[in-house]
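Asks: what would the 3D arrangement of this be:
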Amino acid sequence: MTPAQNTAFQAGSGVTPGTLLTSIASVVLVLVFVWVMWVTVGTFRAWQDGQVALFDLVWAALRASIVLLVLGFYLR
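Replies: Numbering: from 1, shown residues only. Below is the predicted model of the structure:
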């Protein structure tokens, strides 16, 4: 963005574009962390009840962690 656009954006929104981008990325990463925990704990409980095998538990946690790693890479 040009300096004039940055000034206009900050005047209209009250924050700089970089601050807003960091805030949005932080919220997305927190939501993904919560999703990864939810998937892992849900699969762990299903494994405890005998509904899924140990391989399924490991695979679900691994897939969720891969999603977290990819989003973390792109949002940094």
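Asks: ranges for the helices of this structure?
Replies: 3-13, 17-48, 54-75 (DSSP state H).
Asks: tell me the mean pLDDT for the first one?
Replies: Helix 3-13 carries an average pLDDT of 90.
Asks: for it, packing partners?
Replies: helix 17-48 (3 or more CB pairs under 8 Å, 6 or more residues apart in numbering; DSSP states H and E). C-beta coordinates here come from the backbone N, C-alpha and C atoms, glycine included.
Asks: and the helix it packs on, what's buried?
Replies: Under the neighbour-count criterion of 16 or more other CB atoms under 10 Å, helix 17-48 has 32, 36, 39-40, 43, 47 buried.
Asks: stretch 68-76 too?
Replies: By neighbour count on 16+ other CB under 10 Å, the buried set for stretch 68-76 is L71.
Asks: dump it to CSV, restricted to CA.
Replies: What follows is stretch 68-76 as a C-alpha-only set of coordinates in CSV (Å, rounded to 0.1, in the frame of the first residue of the first chain):
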residue,chain,number,x,y,z
LEU,A,68,-1.8,-26.7,12.3
LEU,A,69,1.7,-26.7,10.9
VAL,A,70,0.6,-25.7,7.4
LEU,A,71,-1.6,-22.8,8.7
GLY,A,72,1.2,-21.7,11.0
PHE,A,73,3.6,-21.6,8.1
TYR,A,74,1.3,-19.5,5.9
LEU,A,75,0.1,-17.2,8.7
ARG,A,76,3.6,-16.3,10.1
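Asks: can you name the residues in contact with it?
Replies: Outside stretch 68-76, the residues within contact range by CB atoms under 8 Å, 6 or more residues apart in numbering are 25, 28-29, 32-33, 36.
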